[in-house]
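*Asks:* Dropping the sequence and predicted coords here.
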Amino acid sequence: MHHEKEPSDENIRAVLKSKNKTQLNFPGMEASKELSARWYAIYVKSRSEKKVLQTLTEKGIDAYLPIYKKLRQWSDRKKLVEMPLMPGYVFVHITWKDYDRVLQTDHVVCYITFGGKAAPVRDEDIESLKHMLRQDKVKVELTREDLAPGEQVEILSGPLVGMKGELIQIKGKNKVGIRIQPVGYTVMVEVPISELAIIR
């Protein structure tokens with residue numbers, strides 16, 4: 001699966017204009033009408049990720065914004081601030097009934113699509129991402145490099161015990177990665193090879 005290009009300013013204006021005129025329909029929605037909720041990535045306006053998360057939550061829509069803490073330096077102080085891990089993206093856990101409700105939310109631009117339809121994100125990838133970001137002592141890295149596929153492994157010990165992912169070797173270091181395919185990101189943590197088991 002290839003990551004489609006992020007919307008241009010012209011495309012964003014066209015989407016927002018059409019949203020004001022008529023109800024937007026999810027491509028293929030009538031044909032699929034999925035009964036079980038799935039995760040999808042939505043593209044939102046710059047610096048509006050937290051606002052979109054709050055609005056979706058108030059609507060009763062299950063939404064998730066991956067965040068990490070970053071030390072910011074001001075002239076008189078330092079402070080840990082929460083920043084979006086993947087700027088411009090929020091994830092929603094919905095059935096087909098809520099596709100339009102998500103699009104009609106302020107600052108939401110579009111779904112990330114593949115083949116003309118919203119591209120689902122695997123449940124296990126979202127759960128692994130949440131687990132990684134809950135661990136304060138775990139350094140999470142993010143890349144959009146086209147990494148070679150690695151073996152599937154399970155972490156046997158440490159704060160991420162039980163998590164499954166892909167073994168990625170970068171500059172001689174072993175890392176366990178989770179590919180969030182629709183948005184083209186791979187989220188990684190460094191793990192000693194002795195704490196990993198290959199999944200057969």
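*Replies:* Done, it's in.

*Asks:* And stretch 109-117, what's buried?
*Replies:* Within stretch 109-117, the residues scored as buried using 16 or more other Cβ atoms under 10 Å are V109, C110, Y111, I112, T113. The way it works is simple: take the backbone N, C-alpha and C, and place the C-beta from them, glycine included.

*Asks:* does the first one count as helix, strand or coil?
*Replies:* Read that as V109. Secondary structure, DSSP: H, G, I helix; E, B strand; the rest coil: V109 is strand.

*Asks:* which residues does W39 contact?
*Replies:* With contact set as Cβ atoms under 8 Å, 6 or more residues apart in numbering, W39 has these partners: Y64, F91, V92, H93, P120, V121, R122, D123, I126.

*Asks:* Identify the residue spatially nearest to the second one, adjacent ones excluded.
*Replies:* By that I understand F91. Y64 (4.5 Å; Cβ to Cβ, 6 or more residues apart in numbering).

*Asks:* any idea how far stretch 158-166 is from the chain center?
*Replies:* Computed by Cα atoms, centre = their mean, to the nearest Å, the chain-centroid distance of stretch 158-166 equals 18 Å.

*Asks:* and L142, how many neighbours?
*Replies:* By the measure other Cβ atoms under 10 Å, the count of residues near L142 is 14.

*Asks:* how far away is the closest residue to S46 other than its chain neighbours from V81?
*Replies:* Leaving aside its chain neighbours, S46 sits nearest to G88 (6.6 Å; criterion: Cβ to Cβ, 6+ apart). Between G88 and V81 the distance is 18 Å, computed by Cβ to Cβ, to the nearest Å.

*Asks:* cool, and F114?
*Replies:* Applying Cβ to Cβ, the value for F114 to V81 is 33 Å.

*Asks:* do the same with E127
*Replies:* 25 Å.

*Asks:* and if you look at G150?
*Replies:* 33 Å.

*Asks:* Between these two, tell me which one has more neighbours.
*Replies:* Per other Cβ under 10 Å, whichever of G150 and V81 has more neighbours is G150, with 15 against 10.

*Asks:* What is the neighbour count of I180?
*Replies:* When neighbours are counted by other Cβ under 10 Å, I180 comes out with 26.

*Asks:* which parts of the helix or strand V189 falls within are buried?
*Replies:* Using DSSP states H and E, V189 sits in strand 185-190. For strand 185-190, the neighbour count (16+ other Cβ under 10 Å) marks Y185, T186, V187, M188, V189 as buried.

*Asks:* Report all helices and strands that that strand contacts.
*Replies:* helix 123-134, strand 140-143, strand 164-170, strand 173-180 (3 or more Cβ pairs under 8 Å, 6 or more residues apart in numbering; DSSP states H and E).

*Asks:* now stretch 79-86: mean pLDDT?
*Replies:* Averaging pLDDT along stretch 79-86 yields 91.

*Asks:* contacting residues around it?
*Replies:* 49-50, 65-72, 133, 140, 142, 180, 183, 185, 187.

*Asks:* What segments of the chain are helices?
*Replies:* 9-21, 29-32, 49-58, 99-103, 123-134 (DSSP state H).

*Asks:* Much appreciated, bye for now.
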